[in-house]
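>>> Please find the sequence and the predicted model below.
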Amino acid sequence: MSHAPSRSALRRPVQAGAVLAVVLGLLAWWLLPQRESRPSGRLTFSTGVPSGVYQRYGERLEGALAKDMPEVSIRLRTSEGSQQNLARVAAGEADFTIATADAVATYLREGRPGAQRLRGCVRLYDDYVQLVVPRGSDVRAVSDLRGKRVGVGQEGSGVRLIADRLLTVAGLDPSEDITPVPVGIDTMPVRLVQGGLDAFFWSGGLPTAAVQELSRSFDIRLVPLEASLVAKLQAASGPTRFYRSAMMPGDAYPKAQQAQPVPTVAVANLLVTTDRTDPAMTEAFTRTVINSRDRIGREVHAAQLVDLRTAIYTDPLDVHDGAKNYYRSVKP
């Protein structure tokens, strides 16, 4: 007499098959290469004035990004500089930008819209403050600018922040003791040549093309910004703690400097985004910035100074999670 198999006996092959499927799935996951998630969509990169280092760097980075992220449509957008850049990113009008650390700290300290959403990706290169005058000028120090027509940068620029601060610690009222001219590096050199300016401030990577070209066609001089000024800036604490004394090497603008180093003020630039940006996009963007350093640096000298060893130090901003993923991936 035959007996029908019990329910438990029928379940055994099914259970064994399920276990086998799970084991095979785990083996496949472990052994087979995993496809990285590739970012896609659109991104806007807010840069700077047309002839400034931010824009020149952005133009060359755009090509590297297009190669590394072929499924992403990239748009560059010029700006007045750091302050406007931060406002755009915080408002969601741009996805990535460059800004000086002091401008970031000012934005945070003043609690401007979206400030708490800002995140850092890369510490890039340093900006150097350049106070440019005709070679025959009687201006030998910032305090000598009293009564002069001075290019101080556009309202939304980082140079405007530091120009006002330098004038103040030198004992001058930026709105009363000089005639401030709110223009950018795209027009400052022409105005100096034509006599519309007696001097101008610029803060940018070395060399800045517009200043370099000016030095080749017109006799200019760089006014020293002595360490005593930096000490006064730093004494004010807050955002000014990001300024440091530095030397512009003699070969930055050889003709203007007579090949001599010039004391000045330096401040770091940061690649900035927000916590809204997709981690995969941020990781890929950060990777391209680091990997394209040498290639871009052949055309934009400041890019050569991007250093993987210090890139993660984006103070005063927390590092974006996507950028953290990149730094973990390259950690020795």
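Sure, I can see it. Numbers count the residues shown, from 1 in each chain.
>>> what residues are up against the residue sitting nearest the centre point of the chain?
By C-alpha atoms, centre = their mean, the chain has its centre lying nearest to I98, at 2.9 Å. Going by C-beta atoms under 8 Å, 6 or more residues apart in numbering, I98 touches 47-48, 54, 57-58, 82, 85, 124, 269-272. Glycine gets a C-beta too; all of them are placed from N, C-alpha and C.
>>> Helix or strand: which one has it?
Remark: I98 resides in strand 96-100, with elements defined by DSSP states H and E.
>>> all helices of this protein, in order?
Along the chain, counting by DSSP state H, helices occupy 7-31, 53-68, 82-91, 101-109, 158-169, 188-194, 209-217, 227-235, 254-257, 279-291, 293-297, 321-330.
>>> Show me the contact partners of the third one.
In this case it means helix 82-91. With contacts defined as C-beta under 8 Å, 6+ apart, helix 82-91 is touched by 46-48, 54, 77, 79, 93-100, 103-104, 106-107, 112-115, 117-118, 155-158, 160-161, 272-274.
>>> Give me the buried subset of those residues.
By neighbour count, with 16 or more other C-beta atoms under 10 Å, these hold 46-48, 54, 77, 79, 94-100, 103-104, 106-107, 114-115, 118, 156-158, 160-161, 272-274 as buried.
>>> out of the helices of the chain, nearest to P180?
For the helices of the chain, proximity to P180 was assessed by C-beta to C-beta; helix 158-169 is nearest, at 8.2 Å.
>>> what sits against L308?
L308 makes contacts with 290, 330, as judged by C-beta under 8 Å, 6+ apart.
>>> and what of S329?
Going by C-beta under 8 Å, 6+ apart, the list of residues near S329 is empty.
>>> what about V53, distance to P254?
V53 sits 19 Å away from P254, taking C-beta to C-beta, to the nearest Å as the criterion.
>>> So between the two, which is more surrounded?
Set V53 next to P254 and count neighbours by other C-beta atoms under 10 Å: V53 wins out with 29 against 15.
>>> need the contact list for the nearest residue to the more buried one once chain neighbours are set aside.
What sits nearest to V53 in space, not counting adjacent residues and going by C-beta to C-beta, 6 or more residues apart in numbering, is G205, at 4.1 Å. If you count contacts by C-beta under 8 Å, 6+ apart, G205 has them with 53, 57, 125-128, 269, 300-303, 305.
>>> Can I get the buried ones among those as something I can paste into ChimeraX?
Entered in ChimeraX, the line below selects the buried ones among the contacts of G205, by 16+ other C-beta under 10 Å:
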select :53,57,125,126,127,128,269,300,301,302,303,305
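>>> Please identify the one among the contacts of G205 that lies nearest to T314.
For the contacts of G205, the nearest to T314 is N269 (10.4 Å; C-beta to C-beta).
>>> what's near enough to touch the residue nearest to that closest one when sequence neighbours are not counted?
Among residues not flanking N269 along the chain, L124 sits closest, at 4.3 Å (C-beta to C-beta, 6+ apart). By C-beta under 8 Å, 6+ apart, L124 lies in contact with 98, 268-271, 289, 302-303, 305-306, 311.
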